[in-house]
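> Take a look and give me a structure for this.
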Amino acid sequence: MGLPSPTFSFTIPSIYDGTQLECRLYLPPHLGRQQAVTSWEKKGAIIAHPYGPLGGCYDDPVVNSIGGELLQDGYIVGTFNFRGAGSSGGRTSWTAKPELGDYVSFYGFLAYYLHGLETQSSGEENGKISSVAVNILLGGYSYGSMIASLLPTIEEVLNLFANGLPASWTLQVRAKALELSTTWNNKFATTRQPQISSSPDPNPSSTTTVAGNAQKARIDNTQRGMANDIPIPNISYLLVSPILPPVSMFVTMFSRMPFISGQSSGISIEGTHLPSPKPEEQLCAYPTLAIFGDKDMFTPTSKMRKWVEDLSGASQSKFQSREINGAGHFWIEHNAESQMRYALRQWLRQTLSGKI
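Numbering: from 1, shown residues only. I've put the predicted structure just below:
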């Protein structure tokens, strides 16, 4: 089972340069029921797609499969098209820096969106944003996994969005997060108020399309309605069919990207430098799962095994991996996709259940 029709389809500006990015949010159907709303653990996942020039976009079947598994586990699933993919603006870069900015844009959006969701029981004060801990899974498939592994720390990301100037791209992203979280809060208000439960039951799977450019009034509302910072979410990583050198060098000529050379780098956003830590620093420090097939045509199995061995063997590492016998990069072999989903399902239950 893959992803259904999205609950929200919208655009946000990339905080790298304002390029408009196509985005989708999928909300688990059970969130339309009161018991789930009052007890739901706030958790969201981002699944980034493969390389755009080779046909990658958020409609990719593997992205769809991963997203479907996460949705079944209760995650709010977010997907987006990198620049140059689908109907997103711009074109694919040769440096991966703009694409990193694209991912950070959706990262910040999801953090503020989840924070804005009201999950209080009917006995709590109306309009009060819940203090329930937020969990975010940073994922990607193929090229998308490479970008996910290069992300700045969560502290750097939140600091960037907390200090956005009026009319800045970061503030526009926050405004969109507030708009959509408020839409959900209002739409499902009856599910949190049993005394008016006779109202028509909303359809949580219906698609709502909203304009991409945030209006100035909504930006002002963001400044008034949200604090300058939010609690730091718990994060984890999911890398499906990760690509390693030399293939990673074919999709980015920026030799200082740490995934490629081990050197520190980053991107500049609205005058602020966001460093990209070495992948091993993040992937070992937070719960991480890498899933790959032993028939992946893009990375020799021996190199992949050495890579996961080094990461999982690091001191106090939280990195785990699953090697799927007979599976290739595209997961089209017999039972390959089902085994990949099973590996993800087991990891979610054994490692992340209540422990993200």
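> Okay, the most centrally placed residue in the chain and residue 245: tell me how far apart.
Per C-alpha atoms, centre = their mean, the C-alpha nearest to the average position across the chain is that of residue 46, at 1.8 Å. Remark: distance between residue 46 and residue 245 (C-beta to C-beta, to the nearest Å) = 24 Å. (C-beta placed from N, C-alpha, C; glycine too.)
> tell me which element the residue nearest to the centre of the chain falls in.
When elements are defined using DSSP states H and E, residue 46 is found to belong to strand 42-48.
> Kindly confirm my reading that residue 291 forms part of a strand.
Yes. Residue 291 forms part of a strand when assessed by DSSP: H, G, I helix; E, B strand; the rest coil.
> Remind me what the helix or strand containing residue 179 packs against, helices and strands.
Here residue 179, judged by DSSP H and E, is contained in helix 169-187. When contacts are defined as 3 or more C-beta pairs under 8 Å, 6 or more residues apart in numbering; DSSP states H and E, helix 169-187 sits against strand 8-13, helix 97-116, helix 154-162, helix 216-225.
> That helix relative to helix 154-162, how many degrees between them?
Going by axes from the mean of the first three to the mean of the last three C-alpha atoms, to 10 degrees, helix 169-187 is angled at 90 degrees with respect to helix 154-162.
> by how many degrees do the helix or strand hosting residue 78 and strand 42-48 diverge?
Of the helices and strands defined by DSSP H and E, residue 78 is found in strand 76-80. Going by the same axes, to 10 degrees, strand 76-80 is angled at 30 degrees with respect to strand 42-48.
> Which strands border strand 76-80, and is each parallel or antiparallel?
The partner list of strand 76-80 in its sheet, established with DSSP bridges, is strand 20-26 (antiparallel), strand 42-48 (parallel).
> In this protein, mark out all the strands, start to finish.
8-13, 20-26, 42-48, 76-80, 134-141, 208-209, 234-240, 265-269, 272-276, 288-293, 319-324 (DSSP state E).
> which of these sits most buried?
Of the strands of the chain, the one with the most neighbours on average (mean count of other C-beta atoms under 10 Å) is strand 76-80, at a mean of 27.
> would you put the C-alpha positions of that strand in PDB?
Backbone C-alpha positions of strand 76-80 (Å, rounded to 0.1, in the frame of the first residue of the first chain) are rendered in PDB as follows:
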ATOM      1  CA  ILE A  76       2.500  12.800   8.900                       C
ATOM      2  CA  VAL A  77       4.400  12.300   5.600                       C
ATOM      3  CA  GLY A  78       5.800  15.200   3.700                       C
ATOM      4  CA  THR A  79       7.300  15.100   0.200                       C
ATOM      5  CA  PHE A  80       8.500  17.900  -2.100                       C
END
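> Tell me, please, where in the stretch 201-350 of the chain the pLDDT is lower than the cut-off.
Under the criterion of pLDDT under 70, the regions of the stretch 201-350 of the chain flagged as low confidence span 201-229, 246-264.
> picking up where we left off before, check what contacts the strand holding residue 46 and list those residues.
The list of residues contacting strand 42-48 from outside it, by C-beta atoms under 8 Å, 6 or more residues apart in numbering, reads 63, 66-67, 70, 74-80, 82, 103, 106-107, 110, 113-114, 117, 119, 130, 132-141, 143-145, 147-148, 238, 356.
> what do you get for stretch 332-347?
Outside stretch 332-347, the residues within contact range by C-beta under 8 Å, 6+ apart are 62, 65-66, 69-70, 73, 238, 240, 289, 291, 293, 295, 320, 322, 324-328, 331.
> May I see the buried residues of it?
Of the residues in stretch 332-347, 336-337, 339-341, 343-344, 347 count as buried by neighbour count, 16 or more other C-beta atoms under 10 Å.
> Equivalent analysis for stretch 100-111, please.
Going through stretch 100-111 with 16+ other C-beta under 10 Å, the ones that come out buried are 100-111.
> Which single one of the residues you listed is nearest to residue 89?
Each of the buried residues of stretch 100-111 was checked against residue 89 using C-beta to C-beta; the closest is residue 102, at 10.4 Å.
> Show the contacting residues for that closest one.
With contact taken as C-beta under 8 Å, 6+ apart, residue 102 is in contact with 14, 16, 19, 21, 80, 82-83, 88.
> is it possible to export these to CSV including pLDDT and distance to residue 30?
Rendered in CSV, the data for the contacts of residue 102 read as follows (pLDDT from 0 to 100; distance: C-beta to C-beta, whole Å):
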residue, pLDDT, distance to residue 30
14, 98, 32
16, 96, 36
19, 98, 35
21, 99, 28
80, 99, 24
82, 99, 30
83, 98, 34
88, 98, 31
